[in-house]
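[1] give the three-dimensional model of this entry:
(chains A and B)
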Amino acid sequence: MRSILVIFSRTFGALAGSLSSAIAIAVFLAVAGGLFAHSLLEGEGGLTPITVLWAVSAAPVLPVLAAVLTMRLVADERVSGRLELLLSASVREREIIIGKFLGAWLYLVLALVAYLAVPLALLPFAAPALDVHMSFWTFLPAFAALLMQSALWCACGVLTSVCFRPSAVAAVASLLLTVVLPSVAYQAAFIWMRGWRLHLSGMPVTVHLVDISTGLIHLSTLAFYFVMTVFTLFASTKMLAVTRLKGSGFAGVRFSTAVVLSLGLVFSVCAVVLVGRFRVSVELASRNGFSASDRTRQILAETSGETVEVTCFLSRSAPAYMSARRLLRGLEATARGIAGVQLDVKTVDPRWDLGDAERLVKEGVAEGTLVFRRGRRHVSVPVADIFGVTTNSVVEVSAERLFEGESICASAVQKLSVSGGRRGTVYFTTGHGEWSANSYDVQYGMSDIARELRQDGYRIKEIDLPQSPKIPDDCAVMVVAGAREPFSRTELLRIDGFLRAGGRMLVLAAQSPNAGVGALLADWGVRQLPFTAVSPTRTFNGADVLVSDFGDHAVTRPLTGCTLLFESASVLEPTASVGTNAVNAAPAVAVDRTEFTALASTDSGSWGEADVSVRPWAFDPTAEPKGPLVLAVALERGGGAAKDLAFRPTRIVVIGDSSFAVNGALKRRANANRDFLLNAVAWLAGLDAFTESRTPDSVVSTGLDRAGWIRFGLYAALVPASAVLLLAFAAALRRRRLA
Amino acid sequence: MLDVKHISFSWGRSPVLDGVSFTVSPGETVVLAGANGAGKTTLLRILAGVCLPSSGTVVGDKVDVMRSPLRYRRLLGYLPESAPVEPGMTVKDYLKYRANLKGEISKKIRHRVHEAMELCGLTERANVCVDVLSQGFRKRVALADAILLRPRFLFLDDLFAGLDAETRFSVGRILKAVSTFAATVVSGHELDELQGLASRFLVLKGGRVFVAKTASEVRAELLPALAGANEEGQVSA
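    Coordinates of the predicted model:
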């Protein structure tokens, strides 16, 4: 033990006194800090916790730092001859290896502690408006996850340093061992071992980081890092012992060492697999604290009567099982605390609960489904819809997914309480370059919002207007989503007739004012201007615009305090003949006039840019409109008369951004676009139940503007790195004086 | 007593040591001589426990290097050919570190370090960083490390290499002082200087060991193998 301490303190001292090690740490801090600042910028408004962003940002750089710090531990000693001195001392090989490993690891831990200063000290300083509670304890799980990973990378570095004489070769071998080999093996297993895909889905180290950072700790993960670290150190010890066997005549001993190492590797893998079979996991308190959104609470509170029986028809070995169970238990607990409907959650494992599983299969319920049952009615929600099983069968369990899952489950409960379960049919027009409701494409698809609408009880259909003789009678809402080509005159006349008969239409306008139904909209009271809204202050990336100013309308009333994200929005304005109910204007309602309500307007610092292709953008007061600019409007004609004459009023909602609700826009950030669109459809369909903002408390919001981001990025990349370099130079100067 | 029996060692198919046997008594200083590549360094590494022989035994004070390697290594001091020292440390810190590593009890460390530094003439440079020491003083530091815990067996590889005449004289004096408590095996090519220290010579030739009493006998033994023994009497094959 004493020898370990002596070698440990010497190794740590040598690293701490080495200028090259300090430079390596400074580079690590600069790169990891920069990556963290970038991921925080990307994750702004998202649901991925800061702790995860912090840990995942350091993860790719950590193996490189470990390789650089450990490459000389044994290789240099061998070259300089100091290894002979060590081997001639009364010290065991394992003591040498453990001492050197601990010294390097502690130095790496100090680097991680310095990296911890970025979110704990620099971020609150650079972003005073940060509304996320952060302390060391918040970051402890993520820090512990990085510690475990760094231990394994250090052990691998020690092993390669023992095996290779030139330290550079040792570093390259270490990187191959820690980065390249696992990635290649993992990809190869994924390609050629299809049956093992689900078992392997939890293998990537980033999955471990995300799980532990969010408080979900699998015993198998801990076992993996512990066992593999111990095995690697054992292998290092054996390889160091082999250096005593320099001459010939030791072939047998070398062979037996190789056999021992192979058996050790097999044993280690078996131990990890065995521990994994028990499926023991711990959820830290922060993760247990399930917090349902306001919308879910409202739905549960408003739904009364018979208990809803929720069956989780899922194998306990399925990767999504833990997350699904956590979600349902959270909902069950939330319902228990609200005087509304009660939930009764139970699990049916197709491998164990054979009777119940057979009954469900006979009802046509597939494995991997959550079944919400009330009386004789039931609603099935595929787990894949919640946790996004991709083509590789990898289950992606992120905060966003869990949040979507909560929303989908709440909708299922709501559907059971709605008589008939249907709210009408929403028709998406096709044939003019519109986004498709059936497309899963990130940029051009609207499958996510279509699925939400289905969950809310709507039927979704597509209508090809040139081919359809008339607009179907069951059309509750017609959606023109991003039409890039103009509608023909016949089609416009058909839509106009539909609207005059009390029809409802939602338009996501493309950039060109002449595209889609632009000509028809002008007749109905709204015109699309050839300007794109830009805002130097309310933006994430400079091109998009954040909008929080809402008009007083049924669609936007529940969204107070939320933010809409417009990627590239055209400016809208009412035509002269209509009354306005804009943000700051008094309502003007009349039976025969169109009531125009500005639903969303930009801030006063914004303007309408005439040509966005020419940078930098600058406001031209002579030719461009100044903010606030209207980006979404609601039109209603006959609203006043309807109350007296039972007349069905015409309703139109126009959003000046065709990408407002495409899959990518809804997934990218936790914006209120989804709720805005659902509310708009609900208002158009004539329903009174509107969606409250479902933005949870855990949204990452730094409140930084563009300059603030740049400042924080520089702080994160430079301040800890500079501090380390300064300390190192001071120590080097002191040593020079001593010399 | 150090008892070496039938030591064999080979690189590939060419034998370096072939059944080498000899004994070294306490207080005795044995000089290992031989041409370059004769196996002196290999033999000393085996004696120091750094390498293991293909066959044969090394027993020091009844402790077998194969059976009880830790106990055996606790008995010895070793100075490798390159006389390496840990960079970035002062002489005193380095010797303290080595004493700690060799398992000396804490109370005695200061005394041991002081004694070794005094014996090797390093007291005045105790607080000097080893990085800035000359080759001669580095060798002294490495020698101080080897004798630090008053070992029973001392193995010194190419002791006089790279040292000037004055330093060789000083180191010779140190070695004489050390021989009072240690059985010493020294290798080197400086036969005349080593003759003053040696109880006897062991000449390595063709993997085997021959005993010689004087430097002249050694030269006579090695002469056929030496193409260029220089006039100063140094063996430089």
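[2] most centrally placed residue in chain B?
    In chain B, the centroid-proximal residue (Cα atoms, centre = their mean) is B:Leu156; its distance is 1.1 Å.
[3] report the beta-bridge partners for that one.
    Using DSSP bridges, the bridge partners assigned to B:Leu156 are B:Leu79, B:Val186.
[4] what about residue 5, helix or strand, and which?
    Defaulting to chain A. helix A:2-16 (DSSP states H and E).
[5] wait, chain B
    Under the assignment here (DSSP H and E), B:Lys5 is part of strand B:2-11.
[6] where does pLDDT dip in the stretch 551-700 of chain A?
    Along the stretch 551-700 of chain A, segments meeting pLDDT under 70 span A:576-593, A:639-647, A:667-671, A:687-700.
[7] state which one residue of chain B is found closest to chain A.
    Scanning chain B for the residue nearest chain A gives B:Ser54, at 3.5 Å (criterion: Cβ to the nearest Cβ). Every C-beta, even on glycine, is put in place using the N, C-alpha and C of the backbone.
[8] wait, that residue touches A:Gly252, no?
    No. Under the criterion of Cβ atoms under 8 Å, B:Ser54 is not in contact with A:Gly252, lying 11.2 Å apart.
[9] now do stretch A:51-59: distance to the chain's middle.
    13 Å (Cα atoms, centre = their mean, to the nearest Å).
[10] so for it, mean pLDDT?
    For stretch A:51-59, mean pLDDT rounds to 87.
[11] ok, and the closest non-adjacent residue to residue 221?
    Reading this off chain A. A:His208 (5.0 Å; Cβ to Cβ, 6 or more residues apart in numbering or on different chains).
[12] hmm, I had chain B in mind actually
    B:Glu221 sits nearest to B:Val203 (Cβ to Cβ, 6+ apart), 4.9 Å away.
[13] doesn't the one you found lie inside a strand?
    Yes. Remark: B:Val203 belongs to a strand, assigned using DSSP: H, G, I helix; E, B strand; the rest coil.
[14] quick check: bridge partners of it?
    B:Ala33, B:Phe210.
[15] I figured it hits B:Ala212, correct?
    Yes. Counting by Cβ under 8 Å, B:Val203 touches B:Ala212, with 5.4 Å between them.
[16] overlap in contacts of these two?
    B:33, B:218, B:221 (Cβ atoms under 8 Å, 6 or more residues apart in numbering or on different chains).
[17] next, count neighbours for the first one.
    By the criterion of other Cβ atoms under 10 Å in any protein chain shown, B:Ala33 has 29 neighbours.
[18] now swap in the second one and tell me
    Residues near B:Val218, counting by other Cβ under 10 Å, number 24.
[19] any idea how far B:Asp192 is from B:Thr29?
    15 Å (Cβ to Cβ, to the nearest Å).
[20] okay, those two: which has more neighbours?
    Neighbours were tallied for B:Thr29 and for B:Asp192 using other Cβ under 10 Å; the higher tally belongs to B:Thr29 (22 against 12).
[21] let me see the confidence value for the closest residue to the more buried one other than its chain neighbours.
    Spatially, and ignoring its direct neighbours in sequence, B:Thr29 is nearest to B:Thr184 (4.3 Å; Cβ to Cβ, 6+ apart). For B:Thr184, the model assigns a pLDDT of 88.
[22] isn't B:Thr184 right up against B:Glu28?
    Yes. Counting by Cβ under 8 Å, B:Thr184 touches B:Glu28, with 7.3 Å between them.
[23] who's more crowded, those two?
    Neighbour tally, B:Thr184 and B:Glu28, criterion other Cβ under 10 Å: the higher count belongs to B:Thr184, 29 against 17.
[24] pull the residues that contact the host helix or strand of the more buried one.
    If you go by DSSP H and E, B:Thr184 is part of strand B:183-187. Identification of contacts with strand B:183-187 by Cβ under 8 Å, 6+ apart yields B:1-2, B:24-34, B:40-41, B:43-44, B:47, B:152-159, B:175, B:178, B:194, B:197-198.
[25] same thing with stretch B:136-144?
    B:79-80, B:83-85, B:91, B:94-95, B:116-117, B:119-122, B:125, B:130, B:133, B:156, B:159, B:162-164, B:167, B:170-171, B:174.
[26] which bits of chain A sit near chain B?
    Residues of chain A lying close to chain B (Cβ under 8 Å from any Cβ of the partner chain) are A:2-3, A:6-7, A:10, A:13-14, A:17-18, A:80-82, A:84-92, A:244-250, A:735, A:738-739.
[27] surely A:Leu499 and A:Trp524 touch.
    Yes. Counting by Cβ under 8 Å, A:Leu499 touches A:Trp524, with 6.9 Å between them.
[28] now the common contact residues for the two.
    A:650, A:652.
[29] where do the helices sit along chain B?
    B:40-47, B:69-74, B:91-101, B:106-119, B:135-146, B:165-178, B:191-195, B:215-222 (DSSP state H).
[30] pull the helix or strand with minimum mean pLDDT from chain A.
    strand A:579-580 (a mean of 46; mean pLDDT, DSSP states H and E).
[31] check chain B too.
    helix B:215-222 (a mean of 72).
[32] low-scoring stretches of chain B, by residue?
    Using pLDDT under 70, the flagged stretches of chain B are B:222-237.
[33] how's it carved up into domains?
    The record's domain parsing of chain B by automatic domain parsing lists B:1-75+B:151-237, B:84-150.
[34] many thanks, I have nothing further to ask.
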